[in-house]
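Asker: I would like to see how this sequence folds:
(chains A, B and C)
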Amino acid sequence: MTQFIFKRVLKGILCVWFIWTLIFFLVRLTGDPTDWMLPDGATEEELQNLRVSLHLDEPLARQYSDSLGDLLRGDAGTSYYYKRDVAGLYAERLGTTLRLAIPAFSLAIVLGILIGTLAAIHHDTMGDRVAMTGAIIGYTMPSFCLGILMIFVFSLKLRWFLSSGSETLGQLVMPMITLAVSPMATIARLTRSSLLDVMNREYIDGARMKGVPEWIVMIRHALRTSLIPVVTGIGMQLGTILGGAVVVENVFTWPGMGMLLVTSAKQRDFPTVQYGILLVAISVTFVNILIDISYGWLDPRIRESFK
Amino acid sequence: METLLEVKELRTCYYTGSRVIPAADDVSFTLGRGEVLGVVGESGCGKSTVARSLVGLIDRTYTRIESGQVLFGGKDLVKATPKELCAIRGSRVSMIFQDPFVSLSPVYTVGDQIFEVMKAHDPGLRRKEAQETILELMRKVGIPSPELRVRDYPYQLSGGMQQRVMIAIALACKPDILIADEPTTALDVTVQAQVLDLLRQLKDEYQMSILLISHNLGVIASICDRVMIMYGGVVVEEGTSIQVFRQPAHPYTRGLLAAIPSITEEKEELYSIPGTVPVFQFPVTRCRFADRCERAGERCFREEPPLTRRPDGRRLRCFLAAEEGRKDC
Amino acid sequence: MEVLLETKDIKKYFPLRKKLFQKEPPGVVKAVDGISLRLYKGEALGLIGESGCGKSTFSRVVMQLIPPTQGEIWFRGERMTKKNLMEFRQRVQMVFQDPYSSLDPRMRVREIIEEPLRVHTKMNAGEKLAVVRPILERIGLPEEALEKYPHEFSGGQRQRIGIARALATQPELLICDEPVSALDVSIQSSILNLFKGMQKELGLSYLFISHDMSVVKHVSDRIAVMYLGRVVELAETKELFANTLHPYSQALMNAIPAPDPAAPRKAAALAGEPPSPIDPPPGCVFHGRCPHAAERCSREVPSLREITPGHFAACHLHAGKGGEDL
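Answerer: Reported below is the predicted structural model:
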């Protein structure tokens, strides 16, 4: 087990390093950040001085090794724009983003599994068809569309909720739902198909033949084994949530990490973009390691392979 | 012999699209205490449907018991509520399935799975108190070193051992009836022989009745007192094992027996029943075997023969063989 | 008699997966552990054994679908290598167990049967049809079947299509891996009759693999009994049943229930189950379950020896008798 976790963590670190490297070079393809940083009419000399102070004049390989070295020493770099340590910049906004992402993710998981389970149990009925049509709409609809649509209906027409800000619970409702819909639909579809597959297995009939009531059979036998593909799906949905947060925060002007990331990208604020992506990569990797470990709890055969 | 179970004119239909397929049709039989009744037929003949209909183990989205009665313990199980069925399943009627690997849950230990059935019928029972009974059961069904195996998961056991665990689960509450749906089909012959021996021995010990469903005529012959042959959803012949295997009367039974290669005698060419099993739609108004029967007459395509009892006690669904029977007796 | 196919000491070991920081794999599965067989022209050689005995792995090695760990395959006096693989595949064809998954559902029956011809020859459409038509007639399918898809046929008819595909290149040898075990009794018999008829009329040879003794007995001229990767007994069919030498073969035959309720019940069934092929026991692989096992059996591996002419057994019980090793 320890060996298994060790191996997974090692792979995770490699993966995060690879993503960071990729981003490091990709942002540098977007152009010269100093174009934006000085007022119009700045002289070539002023620009050059700025480049030197930001180390942008050095060869790419040198920039890369310096940044990586700094990162490993715990220094994430200083934002070109805010002139501050980027780690602190993100730490300030972390809470705001989590206040949106955690409720949205929880909502997606709980409702997704619930809807999927009900649809599977009542498969091929009217309710199942309605739920699954809804799920297809939910996960094909881009979140910015849904967000704008919701603002139009609930803020402009019905005037129920404010369309921006992050102060009150009421302001949370729309961005949370917008963010949760697509992963929820995916999780519901996964749960339904996985559960339907398990429900046709003979050990479900075996459990029924013990005289165990139907709802216990469903929870104890069907749902538990059907969760493995669902849990995998949930892991992948975390990426969707974090990616979605970037869009949704911008639509609802929710001042979180996503907004920071987008503005920094526009401003070619390299250290801020790199660190933001790094955080996303680390959290997705970490959750996926947790998920791999949870397989062992769900299925003893996988536990065996950990040894 | 005391009659334990009586099935009367049971009809179970599948609904697929616009079609209504009578998977089991006009099925009537009795099962006495301590008796082993074999149900034989090829895939799609309705033998499993009959077994599952008895205890309501059918997918109600596509399948419905249309009519008939299943009388057991003074109750009609067709009309029983889900709660009543739960009370009977596992305690008075148990079932073992074809493939023990897929009929045991992959995520619980063997001990926990045996405990589950005991707990279902004795809610106050604690796992620790039950441990001794569980080990005793495992010993009884021939699982070596049960103290170790009780903590195993099904995938850690061989197919034969898995089927023994299934049997232990089925016997945990000392049922009156064991329904065995192709219990040895997934096993190797040497292991099959062991499991058949075990069933024979346990049947006497627990004085239970067995409804054994199989496509393997050898398995049926080696353990059953009576045999019921099914084709296209109906019973075509039923009698004692000796009657059916020694003097098969229905053309289908005869064909089936002639078609199996033997290890004791030399057969140059095997008999093969022409054609394939057709799918019927309700209602059926002719003999279901007529297309493949070498002796079918014009009447066989016009009306369905009834299941009639012959003077020698066997039941038969055939116009021609019924007449022969009259001449014989 | 002309030897058509010969395997010389075929072994197929599957290494278990290595773990991190381990140099050596934790063990090997000895699926096939030294099989030498000769298959003569025109004969049907049956290969029987229980699940996990390696019979299917052996057939796949012979078909050269997977490379052997050790050993040689000789066909018509030539050693088989990558170079003559195409020719081998043309002369040796395979019939699979599952008539549902072994046919491509998107191909018409005509395309399925003609596919081997497309691979191995440069025939035009008319020539191909000229080859396919008599085959279709031989296996008992109407010509209309050619333009249909596999799902329109029942299991027995699909198995006929599978056989027709195998016959298209006019092979000399058919390797049949459990060809009737997915079929119902009444269908099975017609396919078995077909195999027997083709052997006579077309002079085909078979390597016929099955777990069902009565099926193997019905079609085979000679039978090899396998246990845990090895052949433990090999004899002509009649001889094998009349004078069974190996205790395992005996147990296998006794375990088959006869379709006769009055048949005398045979001696107690063999106890236990086959050991794991990962760490096969030393000595005779069967000694753990053998009612006659002696001390020597747990020490020394018995070789397959010719006990009486044409009747081979790998058992120390018969060690004193007979002649040479195979």
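Asker: drop to CA atoms for contacts and neighbour counts, all remaining ones
Answerer: OK.
Asker: Which residue ranges of the stretch 51-200 of chain A form helices?
Answerer: A:60-72, A:86-121, A:126-140, A:143-150, A:169-199 (DSSP state H, counting those that start in this stretch).
Asker: Please identify the deepest-packed of the ones you listed.
Answerer: Ranked by mean neighbour count, the helices of the stretch 51-200 of chain A are led by helix A:169-199 with a mean of 23 (mean count of other Cα atoms under 10 Å in any protein chain shown).
Asker: pLDDT of the helix or strand immediately after that helix in the chain, averaged?
Answerer: Using DSSP states H and E, the next helix or strand after helix A:169-199 towards the C-terminus is helix A:202-208. Regarding helix A:202-208, the rounded mean pLDDT is 92.
Asker: Could you confirm whether helix A:202-208 reaches chain B?
Answerer: Yes: counting by Cα under 8 Å from any Cα of the partner chain, chain B has neighbours in helix A:202-208: A:202-206, A:208.
Asker: by contact count, what packs against the helix or strand following that helix?
Answerer: With elements assigned by DSSP H and E, the helix or strand that comes after helix A:202-208 is helix A:214-216. Applying 3 or more Cα pairs under 8 Å, 6 or more residues apart in numbering or on different chains; DSSP states H and E, one finds that helix A:214-216 contacts no other helix or strand.
Asker: Helix A:214-216: what's the following helix or strand?
Answerer: Downstream of helix A:214-216, the first helix or strand assigned by DSSP H and E is helix A:224-251.
Asker: Tell me the first helix or strand C-terminal of that next one.
Answerer: Remark: after helix A:224-251, the chain's next helix or strand is helix A:257-267, criterion DSSP H and E.
Asker: what angle separates that following helix from helix A:86-121?
Answerer: For helix A:257-267 against helix A:86-121, the angle by axes from the mean of the first three to the mean of the last three Cα atoms, to 10 degrees is 120 degrees.
Asker: The residue of the stretch 201-329 of chain B found nearest chain A - how many residues pack around it?
Answerer: For the stretch 201-329 of chain B, the residue closest to chain A is residue B:211, as judged by Cα to the nearest Cα, at 14.9 Å. A total of 21 residues lie near residue B:211 under the criterion other Cα atoms under 10 Å in any protein chain shown.
Asker: repeat for the one 5 residues further on
Answerer: Residue B:216 has 20 neighbouring residues, counting by other Cα under 10 Å.
Asker: go on, residue B:189?
Answerer: If you count neighbours by other Cα under 10 Å, residue B:189 ends up with 26.
Asker: What parts of the stretch 101-250 of chain B come near chain C?
Answerer: So far as Cα under 8 Å from any Cα goes, the stretch 101-250 of chain B lies against chain C at B:160, B:188-194, B:215, B:217-224, B:241-242, B:245-246.
Asker: Look up phi and psi at residue C:230.
Answerer: Main-chain dihedrals, residue C:230, degrees, to the nearest 10: phi -130, psi 160.
Asker: Quick check: it touching residue C:37?
Answerer: No: here residue C:230 does not reach residue C:37: they are 11.0 Å apart, not a contact under Cα atoms under 8 Å.
Asker: Just want to know which of the two has more residues nearby.
Answerer: When neighbours are counted by other Cα under 10 Å, residue C:230 and residue C:37 differ, and residue C:230 comes out ahead with 27 against 18.
Asker: Tell me the confidence at the more buried one?
Answerer: pLDDT recorded at residue C:230 is 93.
Asker: One more: residue C:266?
Answerer: 67.
Asker: Next: residue C:291.
Answerer: 88.
Asker: Equivalent analysis for residue C:73, please.
Answerer: Predicted confidence (pLDDT) for residue C:73: 94.
Asker: cool, residue A:166 as well?
Answerer: pLDDT, read off for residue A:166, is 69.
Asker: related to what we said a few turns ago, let me know the closest of the residues of helix A:202-208 next to chain B to chain C.
Answerer: Chain C lies nearest to residue A:202 out of the residues of helix A:202-208 next to chain B, by Cα to the nearest Cα, at 19.6 Å.
Asker: ok so, going back, just the residues of the stretch 101-250 of chain B next to chain C: which are in helices?
Answerer: Counted as lying in helices by DSSP state H, out of these, are B:160, B:189-194, B:217-223, B:241-242, B:245-246.
Asker: Looking at the helices of the stretch 51-200 of chain A, which is nearest to residue C:137?
Answerer: helix A:169-199 (41.5 Å; Cα to Cα).
Asker: mind listing the helices in chain B by residue range?
Answerer: Ranges of helices within chain B are B:47-54, B:82-88, B:100-103, B:110-121, B:127-140, B:146-149, B:159-171, B:189-206, B:217-223, B:241-246, B:251-259, B:319-328, based on DSSP H.
Asker: now, of these, which is deepest in the fold?
Answerer: helix B:159-171 (a mean of 26).
Asker: can you state the direction angle for that helix and helix B:189-206?
Answerer: 20 degrees.
Asker: Could you figure out how far helix B:159-171 is turned away from helix B:110-121?
Answerer: Using the same axes, to 10 degrees: helix B:159-171 against helix B:110-121 is 20 degrees.
Asker: Show me what the nearest residue to residue B:62 once chain neighbours are set aside bridges to in the sheet.
Answerer: In space, and not counting its chain neighbours, residue B:62 is closest to residue B:15: 5.1 Å by Cα to Cα, 6 or more residues apart in numbering or on different chains. Beta bridges link residue B:15 to residue B:20, judged by DSSP bridges.
Asker: Test my guess that residue B:15 contacts residue B:60.
Answerer: No: using Cα under 8 Å, residue B:15 makes no contact with residue B:60, being 9.9 Å away.
Asker: Who has more neighbours out of these two?
Answerer: residue B:15 (16 against 11).
Asker: which residues does the more buried one contact?
Answerer: Neighbouring residues of residue B:15 by Cα atoms under 8 Å, 6 or more residues apart in numbering or on different chains: B:21, B:62-63.
Asker: Kindly recompute the last result at 10 Å.
Answerer: By Cα atoms under 10 Å, 6 or more residues apart in numbering or on different chains, the residues touching residue B:15 are B:21-23, B:60-64.
Asker: tell me the contacts of the residue of the stretch 201-329 of chain B found nearest chain C?
Answerer: Closest residue of the stretch 201-329 of chain B to chain C, Cα to the nearest Cα: residue B:218 (3.9 Å). Residues near residue B:218 by Cα under 10 Å, 6+ apart: B:260, C:256-261.
Asker: Skipping adjacent residues, who's closest to it in space?
Answerer: Nearest one to residue B:218, counting by Cα to Cα, 6+ apart, is residue C:259 at 3.9 Å.
Asker: So for residue A:286, what's the pLDDT?
Answerer: Value listed for residue A:286 in the pLDDT field: 88.
Asker: Flag every residue of chain A that's near chain B.
Answerer: Within chain A, the residues that sit near chain B (Cα under 10 Å from any Cα of the partner chain) are A:122-125, A:200-214, A:220-222, A:224-225, A:297-301.
Asker: Kindly recompute the last result at 6 Å.
Answerer: A:202-203, A:206, A:209-212, A:299-300 (Cα under 6 Å from any Cα of the partner chain).
Asker: pLDDT below threshold where in the stretch 1-150 of chain A?
Answerer: Applying pLDDT under 70 to the stretch 1-150 of chain A picks out no residues at all.
Asker: returning to that earlier point: pretty sure the residue of the stretch 201-329 of chain B closest to chain A contacts residue B:37?
Answerer: Yes: with contacts counted by Cα atoms under 6 Å, residue B:211 reaches residue B:37, the gap being 5.0 Å.
Asker: Many thanks, I have nothing further to ask.
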